[in-house]
Structure formats: structure tokens, C-alpha cells
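> sequence and predicted structure, then a few things I'm wondering about:
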Amino acid sequence: MIQNSWMSDYRDSIKDQSTLESLLSTTLDKTPYPILIPKHIAQKIKDDGLDSPLAKQFIPSRLENDREAGLIDPIGDQKFEKPGGIIHRYKNRILYSPTTICPINCRYCFRKNELFENLDTFKASLKELESYLQTHIEVEEVILTGGDPLILSNKKLKEILTTLATFKHIKYVRIHSRTPIILPARMDEELLELFKGFENNFDTISIAIHVNHESEISEEFEKNIIPFQRFNLLSQSVLLKGVNDNIESLVNLYKRINKLKIKPYYLHHPDLVKGAMHFYIPLELGRKIYGTLRDELPGWLIPHYIIDSSLGTGKNLAYNSESLVPTGKILDRFGQTHSIDIQKIVD
């Protein structure tokens with residue numbers, strides 16, 4: 001592992017359409033959403049083709065210009081936002097967004113509009129976090145989200161973890177990140193030593209790695225993640241039309257990450273994202289795909305299939321047997337409220 005090479009990889013990312021078009025030798029659709037793709041990812045997209053799972057996730061599409069359907073805040077973040085980048089939806093855990101920066105711009109991102117419009121939800125303040133935790137001793141877990149927390153410097157991460165470690169009621173820290181996949185050099189010795197330094201301060205340190213398709217997994221990632229297996233490694237994926245909405249893609253992904261001791265944790269039903277509804281699939285199709293997973297994988301290798309309510313009520317099981325029929329509500333792509341069969345679970 002070359003220390004800090006991830007920083008130069010990030011700085012050298014493609015940020016304009018003309019450079020991306022030149023590399024890919026094609027003309028791309030223009031959209032209002034910004035481009036950010038590390039060069040090695042762009043090269044792999046060129047190698048795999050513009051119809052590949054990688055290209056569909058990261059290359060601009062004219063379909064993003066359809067902003068009639070979908071929602072700006074598809075999971076109801078703004079209903080539970082607190083000052084300083086805090087979202088407190090569940091009693092014993094909070095989300096904290098220390099940055100709005102990501103290692104890549106995912107075209108399906110459920111926060112693409114909130115971040116694009118620079119809403120107050122993600123304007124972080126460590127002082128506000130410290131003050132909030134002082135008066136909310138019921139909070140046991142802090143989930144670092146964003147943006148992407150692992151795009152921060154080690155100095156900043158240490159500052160956040162040091163703050164959390166001062167509160168004895170914080171037992172769990174979870175970091176949700178796409179960076180290990182997109183910039184695998186980030187998972188270096190320096191970061192490892194940083195996390196090891198806090199192992200005695202928390203009962204569990206979890207790293208939830210966002211990966212949607214086996215083609216995203218590089219040899220460098222496989223090598224660099226091994227030392228981090230001492231922590232609780234989880235995965236989260238989004239079920240995306242044309243990317244991984246088939247049983248073969250999901251089975252291959254989960255078997256591959258299992259070899260790396262990463263436990264499949266969440267399979268998200270796609271959110272109702274304005275400018276990303278071309279990734280959406282019907283809930284019935286998602287349930288059918290997930291049901292087949294149960295025939296192809298051992299139970300312990302199957303993630304929770306979940307759907308986030310746009311009403312802000314949190315994550316719910318999206319797959320139920322006929323004997324489980326609790327009712328909840330979601331908004332469809334046209335903003336209409338519908339009842340669906342869901343079962344509430346933890347975040």
C-alpha cells in the first residue's frame with residue numbers, strides 16, 4: 001500500500017464533461033448534476049463499456065433531466081434534522097454528516113438533490129455534535145455518513161472519534177462509506193492504526209461499505225481490506241434497474257464479499273429520487289428478486305431488504321411472507337401516498 005496515494009487519486013479525478021468525453025471517445029448527455037470520477041474508475045468504465053454496471057452508475061444520462069418525478073428528500077431526512085449535520089430519527093442512534101464530499105458522484109444517489117442544493121441538513125459542526133450528545137444520553141451509536149466520512153483526513157477523523165470517545169454512553173461507531181471501493185488506497189496502514197487506537201473506547205467499530213456490483217471490486221481493494229477485518233465489516237447495496245436487478249449479479253456480489261469477511265447488511269430498494277427515477281424498479285419485482293436470493297444463498301449471507309419511507313419514519317423490511325401484513329405508507333414517483341406491507345426494523 002502506497003501511503004496517501006489515495007489523495008492524489010482523488011485530486012486528479014475527472015470533474016468536467018469534456019475531459020470525460022475525451023477519455024471515453026464519445027459524446028455524453030448534459031445534466032445539471034456535477035461529474036466526479038477518479039481516473040482509474042473512468043478507465044475501467046471505458047474497458048467495460050458504456051452499457052456496463054459501472055457506466056450506468058457514474059456516467060451522466062439524459063434521463064437525469066427528468067425532474068418531474070421523484071422527491072428532493074426521498075427518505076425524510078429534513079423532518080429529523082438537527083443543527084450541525086445531525087439527524088436523529090431513532091431513539092438510541094444518530095446520523096452525523098461530517099462532510100458533503102464524496103469520492104465519486106453516483107448518479108442514483110438519494111441525497112444528490114439535497115447536496116446539489118447545499119441544504120443546511122449537511123452543514124456539520126463538531127461543537128454542535130458534542131453539545132447534542134451531552135444532553136442525549138440515550139444515544140448509544142453514532143453513524144458517520146455524508147457525503148463520505150472516509151474522504152476526510154485522518155486528522156479530522158481522529159478529532160471526531162476523540163470527541164465521541166469522551167462520551168461513555170456512545171458504545172458503537174458506524175462509518176458508512178463508498179471510499180474503500182472507489183479509492184481503495186485509502187485503506188492504508190495509517191487509517192488502520194487510527195481505528196485501532198479507538199478499539200478500547202467503543203464496543204464495536206463498524207465499517208459499512210457501499211458496493212452494488214462485483215465489477216466494482218478491485219484486486220487492490222481485496223488486498224487492502226484484509227487488515228480491517230478485525231473490525232465489523234458490513235455491506236450496503238442499492239437495487240438498481242439495469243445495474244444489479246437480477247439474481248446472478250447479487251449472488252456473485254455477496255459470495256465475493258463473503259470471502260473478504262464482509263457481511264451483507266442492507267439491500268436498499270431504490271429511493272424515489274428526483275433525477276434518478278430511471279434506476280427505480282417496482283417493489284413487486286424487488287421482492288421477487290430477493291425471494292430468489294433465499295433459494296441461492298445461505299440465510300446468514302442474505303442482507304436485510306429494506307425500503308426507506310419518504311414520510312421519514314425510517315427503514316422498513318420490504319419483503320414479507322403472507323403472514324406478515326403490517327401496513328405502512330410510502331410516496332410513489334408521482335407524490336401519491338400508498339399503503340404497502342412493511343415491517344419496521346432498526347436503522
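Happy to help now that I have it.
> neighbours around the nearest residue to residue 210 once chain neighbours are set aside, how many?
Distances taken as Cβ to Cβ, 6 or more residues apart in numbering put residue 178 closest to residue 210, at 4.2 Å, once the chain neighbours are dropped. Placement of C-beta: from N, CA and C, glycine included. Neighbouring residues of residue 178 were enumerated by other Cβ atoms under 10 Å; the total is 23.
> just checking, residue 178 touches residue 104?
Yes - between residue 178 and residue 104 there is a contact at 6.6 Å, judged by Cβ atoms under 8 Å.
> contacts only, for the residue nearest to residue 210.
For residue 178, the contacting residues are 102-104, 106, 148, 209-211, by Cβ atoms under 8 Å, 6 or more residues apart in numbering.
> please report phi then psi for it.
phi -100, psi -10 (degrees, to the nearest 10).
> measure it to residue 186 for me?
Noted for residue 178: a distance of 10 Å to residue 186, by Cβ to Cβ, to the nearest Å.
> what do you get for residue 173?
17 Å.
> quick revisit: against residue 136, how distant is the residue nearest to residue 210?
Counting by Cβ to Cβ, the gap from residue 178 to residue 136 is 28 Å.
> same question for residue 292.
42 Å.
> same check, this time on residue 210
27 Å.
> among those two, which residue is more densely surrounded?
Per other Cβ under 10 Å, whichever of residue 210 and residue 136 has more neighbours is residue 210, with 21 against 16.
> you'd agree that one is up against residue 175?
No - using Cβ under 8 Å, residue 210 is not in contact with residue 175; the gap is 10.9 Å.
> secondary structure class for residue 143?
Assigned state for residue 143: strand (three-state reduction, DSSP: H, G, I helix; E, B strand; the rest coil).
> what's the closest non-adjacent residue to it?
residue 174 (4.5 Å).
> so the one you found sits against residue 208, correct?
Yes - contact criterion Cβ under 8 Å: residue 174 and residue 208 qualify, at 6.1 Å.
> what mean pLDDT does stretch 224-234 get?
Averaging pLDDT along stretch 224-234 yields 98.
> before we move on, what about stretch 202-210?
Taken as a whole, stretch 202-210 carries a mean pLDDT of 98.
> what of stretch 292-305?
95.
> which other residues reach it?
235-237, 239, 247, 250-251, 254-255, 258, 264-267, 269, 286-287, 290, 315, 317-319, 345.
> got the CA positions of it in CSV?
Coordinates of each C-alpha in stretch 292-305 appear next as CSV, following Å, rounded to 0.1, in the frame of the first residue of the first chain:
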residue,chain,number,x,y,z
THR,A,292,-35.0,-15.9,-5.2
LEU,A,293,-31.9,-14.9,-3.2
ARG,A,294,-33.3,-17.0,-0.4
ASP,A,295,-33.0,-20.1,-2.6
GLU,A,296,-29.5,-19.3,-3.8
LEU,A,297,-27.6,-18.3,-0.6
PRO,A,298,-27.4,-19.5,3.0
GLY,A,299,-29.5,-17.4,5.3
TRP,A,300,-26.6,-15.8,7.0
LEU,A,301,-25.4,-14.4,3.7
ILE,A,302,-28.6,-12.6,2.8
PRO,A,303,-28.9,-8.9,3.7
HIS,A,304,-32.0,-7.1,5.0
TYR,A,305,-34.1,-6.0,2.0
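> distance between that stretch and the chain's centre?
Centre-to-centre, stretch 292-305 and its host chain are 20 Å apart (Cα atoms, centre = their mean, to the nearest Å).
> how about that stretch: buried residues?
Buried residues in stretch 292-305, defined by neighbour count with 16 or more other Cβ atoms under 10 Å: 293, 297, 302-305.
> any weak-confidence spans in the protein?
Along the chain, segments meeting pLDDT under 70 span 1-4, 115-122, 312-313, 320-347.
> what sits opposite the residue sitting nearest the centre point of it in the beta ladder?
The C-alpha lying nearest the average C-alpha coordinate of the chain belongs to residue 210 (Cα atoms, centre = their mean; 4.8 Å). The partner list for residue 210 in beta bridges (DSSP bridges) reads residue 236.
> measure it to residue 26 for me?
27 Å.
> longest helix in the protein, by residue count?
Longest helix of the chain, by residue count under DSSP state H: helix 283-296.
> in which helix or strand does residue 264 reside?
Using DSSP states H and E, the element containing residue 264 is strand 263-268.
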